[in-house]
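Novice: Requesting a structural model of the entry that follows:
(one chain, ligands or ions: 1)
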Amino acid sequence: MNSKLILYNTLTRTKQEFEPINPPHVGMYVCGPTVYGDPHLGHARPAITFDLLFRYLKAEGYKVRYVRNITDVGHLEHDADEGEDKIEKKARLEQLEPMEVANYYTRRYHDAMRELNVLPPSIEPSASGHIIEQIEFTKRILDAGFAYESNGSIYFDVEKYNEKYHYGKLSGRNLDDILTNTRELDGQEDKRHSYDFALWKKASPEHIMRWPSPWSDGFPGWHMECSAMSTKYLGREFDIHGGGMDLMFPHHECEIAQSTAALGHDSARFWVHNNMITINGKKMGKSLGNFITLEEVFTGSHKLLAQAYSPMTVRFFILQAHYRSTLDFSNEALQAAEKGLDRLMKGIEALGKVKPSEVSTVKPSELAERCEAAMADDLNSPMVISALFDWVRIFNQLEEGQQKITAEDLESLRATVNRWAFDILGLRDEKAQSSAGDMVSPLVEMLLDMRMEAKAAKNWALSDQIRDKLTAIGIRVKDRKDGYDWEIE
Ligand code: ZN
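Specialist: Reported below is the predicted structural model:
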């Protein structure tokens, strides 16, 4: 543990020195994705922000238990408790089992995270796998007197809670503000107040995702899973709770209220929130036509995108902004990130070719200290990147012999660069990877599959064109009855 990490705590609205409750162990809980649609740009920023923190803490020698949940049940249309479950809606439209929908999009999410070089969390619990824990947690809140039953549903009694604790302390609100900003929706007559929220909802007859409970066949309220699962895996008190700023209210506020009501005290010491990604200055939303999935980003197949952007370009773009700043996604900004990343990777490649000398004219410890200081100051990844950029010039000078370095210093410089660029920022040299021969086969096979489709559609011209072009670059295609063979000549 090299330096004192200073983290901004949303709960206290101050930067505080981070000290784990039980060092060297760190417990970190981050609200994960809801899995009823393809992973999109909005998923990338929290995933990369907390991956950065996870990687940094591990590199500093902490033993981190990182829990990130999968919301696969009870996520309703509105911030309030009414509306249709999106997983269920999708399942009905596509005639699938709801768990088929949830698992499909969970895999899609994992694939996208792997591409972005986001490490898997230590534990990835799903809400549907923790119904019993959620029922038990709800019982604790009932026993403590901060919830009430109404027609088979259980609601959190916000007013009663607020008499003893402060509902709104995370988002800096009080109950009057919340009351004036809460919409009255149909079907809320079971609640005493509009701001009360469901801990358990009785399922209507057409609701497919349902479980038995002491109160009704139904499903847990959205906020409940995080309180129940963070307590189960990290204990009554843990170090860090993270998520996007958009989750601060009501989701995290409700989590705090639930945990405090059940346990008598706060669960998380530090609340860390990443800011949002906007697109050309606007909030991303399906209705605005600027909703971009990660696959569309990686393939360039969206009308707002001038080209495809590789996963590492996206990662680098996100890390070039401080996690608490807004970040605007535009073609210009992405193209600049692509160039910047390329320059950094070329510099690191140059460093790989440097030959040691008898003396050093550079001091590798200066780079290490700059990176360390930047990161310890509330995860200032843009400053880490700018330190690395300053050194790219030096790497090139070393390669060209304008500067000198001893073998020992060279080893330490390379270790510093590996630590910061690859281990902590989590970058990957995509060019070095894609130049490898193992990319050829999938590409040839993709073209030949397209040729089979062309043949099936009797598009002989296209089929011949694909074969001829492959022959021209030295790939011989042999047709078989049920497919094809190919070889490089
Ligand atoms: Zn949560």
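Novice: pretty sure residue 126 is touching residue 70, no?
Specialist: Yes - the pair residue 126 / residue 70 is scored as a contact, 4.3 Å apart, by C-beta atoms under 8 Å. Backbone N, C-alpha and C define where each C-beta goes, glycine included.
Novice: neighbour-wise, which of these two wins?
Specialist: Per other C-beta atoms under 10 Å, whichever of residue 126 and residue 70 has more neighbours is residue 70, with 23 against 19.
Novice: close enough to count as contact, that one and residue 121?
Specialist: No - applying C-beta under 8 Å, one finds residue 70 not in contact with residue 121, separated by 10.2 Å.
Novice: intersection of neighbour lists for these two?
Specialist: residue 32 (C-beta atoms under 8 Å, 6 or more residues apart in numbering).
Novice: Neighbours of the closest residue to the ion within the stretch 1-150 of the chain, how many?
Specialist: Nearest residue of the stretch 1-150 of the chain to the ion: residue 31, at 3.3 Å (C-beta to the ion). The tally of other residues near residue 31 (other C-beta under 10 Å) stands at 22.
Novice: Same question for residue 236.
Specialist: What residue 236 shows, counting by other C-beta under 10 Å, is a neighbour count of 13.
Novice: Just the pLDDT at it, thanks.
Specialist: Here, the pLDDT recorded for residue 236 equals 97.
Novice: Need the residues that contact the longest helix along the chain.
Specialist: Ordering each helix of the chain by length in residues (DSSP state H) puts helix 331-352 first. Contact with helix 331-352 is made by 304-307, 309-310, 312-314, 316-317, 320, 385, 388-389, 391-393, 395-396, 398-399, 413-414, 417, 421, 427, 429, 431-432, as judged by C-beta under 8 Å, 6+ apart.
Novice: Recalculate using a threshold of 6 Å.
Specialist: Taking C-beta atoms under 6 Å, 6 or more residues apart in numbering as the criterion, the residues outside helix 331-352 that touch it are 306, 309, 313, 316, 317, 392, 395, 396, 399, 417, 429.
Novice: Can I get those in a markdown table including secondary structure?
Specialist: As requested, the contacts of helix 331-352 are exported to a markdown table (DSSP: H, G, I helix; E, B strand; the rest coil):
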| residue | secondary structure |
| --- | --- |
| 306 | coil |
| 309 | coil |
| 313 | helix |
| 316 | helix |
| 317 | helix |
| 392 | helix |
| 395 | helix |
| 396 | helix |
| 399 | helix |
| 417 | helix |
| 429 | coil |
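Novice: Next up, the contacts around the closest residue to residue 123 other than its chain neighbours.
Specialist: Leaving aside its chain neighbours, residue 123 sits nearest to residue 67 (4.7 Å; criterion: C-beta to C-beta, 6 or more residues apart in numbering). Residue 67 is in contact with 29, 123, 233, counting by C-beta under 6 Å, 6+ apart.
Novice: Look up the pLDDT of residue 153 for me, please.
Specialist: On the pLDDT scale, residue 153 gets 96.
Novice: wouldn't it be in contact with residue 203 here?
Specialist: No - with contact defined as C-beta atoms under 6 Å, residue 153 does not reach residue 203; the gap is 9.7 Å.
Novice: how distant is the longest helix of the chain from the center of its chain?
Specialist: How far helix 331-352 lies from its chain's middle: 23 Å, per C-alpha atoms, centre = their mean, to the nearest Å.
Novice: Residue in the stretch 151-300 of the chain with the shortest distance to the ion?
Specialist: residue 226 (3.2 Å).
Novice: How about that residue: what's its closest non-neighbour residue?
Specialist: Counting by C-beta to C-beta, 6+ apart, the residue nearest residue 226 is residue 255, at 5.0 Å.
Novice: What spatial separation is found between that neighbour and residue 161?
Specialist: In this view, residue 255 and residue 161 are 13 Å apart by C-beta to C-beta, to the nearest Å.
Novice: who has more neighbours, those two?
Specialist: residue 255 (27 against 22).
Novice: what helix or strand is that one on?
Specialist: Per DSSP states H and E: residue 255 is located in helix 253-263.
Novice: on contacts alone, who are the packing partners of that helix?
Specialist: helix 131-143, helix 224-234 (3 or more C-beta pairs under 6 Å, 6 or more residues apart in numbering; DSSP states H and E).
Novice: can you tell me if the longest one touches the ion.
Specialist: Spelled out, that is helix 131-143. No - judged by C-beta under 5 Å from the ion, helix 131-143 and the ion are separated, with a smallest distance of 12.4 Å.
Novice: What residues sit buried inside that helix?
Specialist: 131, 133, 134, 135, 137, 138, 139, 140, 141, 142 (16 or more other C-beta atoms under 10 Å).
Novice: and residue 154, which of the three is it?
Specialist: strand.
Novice: which residues does it contact?
Specialist: 138, 147, 199, 200, 215.
Novice: Just the mean pLDDT for the helix or strand encompassing the third one, thanks.
Specialist: In this case it means residue 199. Assigned by DSSP H and E, residue 199 belongs to strand 198-202. Regarding strand 198-202, the rounded mean pLDDT is 94.
Novice: Equivalent analysis for stretch 19-35, please.
Specialist: Mean per-residue pLDDT for stretch 19-35: 96.
Novice: Same check on stretch 297-313?
Specialist: 96.
Novice: got it, and stretch 267-283?
Specialist: On average, the pLDDT along stretch 267-283 is 95.
Novice: is any part of that stretch close to the ion?
Specialist: No - figure legend: stretch 267-283 not in contact with the ion (C-beta under 5 Å from the ion); closest approach 10.8 Å.
Novice: Offset the numbering so it begins at 280, please.
Specialist: Sure, I'll start counting at 280 from here, so that last one is stretch 546-562.
Novice: No more questions from me, cheers.
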